[in-house]
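Undergrad: After the sequence you'll find the predicted model.
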Amino acid sequence: MHENFEKDYQEKGYKYIVGIDEVGRGALFGDVVAGAVIMPLDEEHIEGIKDSKKLSEKKREKFYEEILNNSVAVGIGRVEAKIIDEINIKEATKLAMLKAIENLRDKDGNKIQPEVLLIDAEVINTDILQVPIIKGDDKCYSISCASIVAKVYRDRLCEKWSKLYDKYGIEKHKGYGTKFHREAIKAYGYCDMHRMSFLKNRNEW
């Protein structure tokens, strides 16, 4: 059940209230992706929206289209494996979130400057008012929407990556460290999209 964080800030006079979440933090392969979403404040919430991890792929795809159609603005931020290895995954996640905010656009392509950031359990380097919410992807509607957008966007990237790196089964496990993925790395070695900082303990597999 969502708590109405957006209404709280709307009543304080804020208009552009953004939900932010990431996906791919724990993967061995590919980008970490953040979504930033502004949903209309005076419209009913889309029924059934919740944390993307608790939805089937089919439902995520359906909600993804609904969110894009109903949103005030959406932004995506991506940070690639090479940068993740250089600055670590926590900092890369924060950077992806900042990029998502920077990329916020309305349906006409106009840049939108957010006034309040509702973020899933993270604090980022910005002067914009931010509210870190523990389990925000469960509790906060805008963050749930952002989690769905980021998840579907990254899953679609995984489909593309799987065609370029077809030995690893990326389309199945989305780059996470499943047995299949680990066995493929043992058999074929790693590629330029693997996160080397995540593969240091390969001998322990």
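TA: Here it is on my side, so go on.
Undergrad: Span of stretch 68-86 from start to end?
TA: Distances were taken as C-alpha to C-alpha, to the nearest Å; on that basis the terminal residues of stretch 68-86 are 33 Å apart.
Undergrad: In that stretch, which residues are buried?
TA: The neighbour-count criterion (16 or more other C-beta atoms under 10 Å) identifies 71-79, 81, 83-85 as the buried residues of stretch 68-86. All C-beta atoms are positioned from the backbone trio N, CA, C, and that covers glycine.
Undergrad: dump the residue contacts of the residue nearest to residue 187 when sequence neighbours are not counted.
TA: Spatially, and ignoring its direct neighbours in sequence, residue 187 is nearest to residue 167 (7.7 Å; C-beta to C-beta, 6 or more residues apart in numbering). With contacts taken as C-beta atoms under 8 Å, 6 or more residues apart in numbering, residue 167 has the following neighbours: 184, 187-188.
Undergrad: What about the residues you listed, which one has the most neighbours?
TA: Using other C-beta atoms under 10 Å as the neighbour test, the contacts of residue 167 are led by residue 184, with 18 neighbours.
Undergrad: what about that residue, helix or strand, and which?
TA: helix 179-188 (DSSP states H and E).
Undergrad: Counting by contacts, list what that helix packs against.
TA: With contacts defined as 3 or more C-beta pairs under 8 Å, 6 or more residues apart in numbering; DSSP states H and E, the packing partners of helix 179-188 are helix 170-173.
Undergrad: average model confidence for the helix it packs on?
TA: The average pLDDT for helix 170-173 rounds to 97.
Undergrad: SS state for the residue most central in space within the chain?
TA: Closest to where the C-alpha atoms of the chain average out (C-alpha atoms, centre = their mean) is residue 22, at 2.8 Å. Look at residue 22: counting by DSSP: H, G, I helix; E, B strand; the rest coil, its state is strand.
Undergrad: Surely it touches residue 150?
TA: Yes: contact between residue 22 and residue 150 holds when scored by C-beta atoms under 8 Å: they sit 6.1 Å apart.
Undergrad: intersection of neighbour lists for these two?
TA: Shared contacts of residue 22 and residue 150, defined by C-beta under 8 Å, 6+ apart, comprise 33-35.
Undergrad: could you point out which element follows the lowest-mean-pLDDT helix or strand in the chain?
TA: Within the chain, confidence by mean pLDDT, DSSP states H and E is lowest for helix 136-139 among all helices and strands, at a mean of 92. Scanning forward in sequence from helix 136-139, with DSSP H and E defining helices and strands, the next element found is helix 141-164.
Undergrad: buried stuff in that following helix?
TA: Neighbour-count burial for helix 141-164, counted by 16+ other C-beta under 10 Å, picks out 141-155, 157-158, 161-162.
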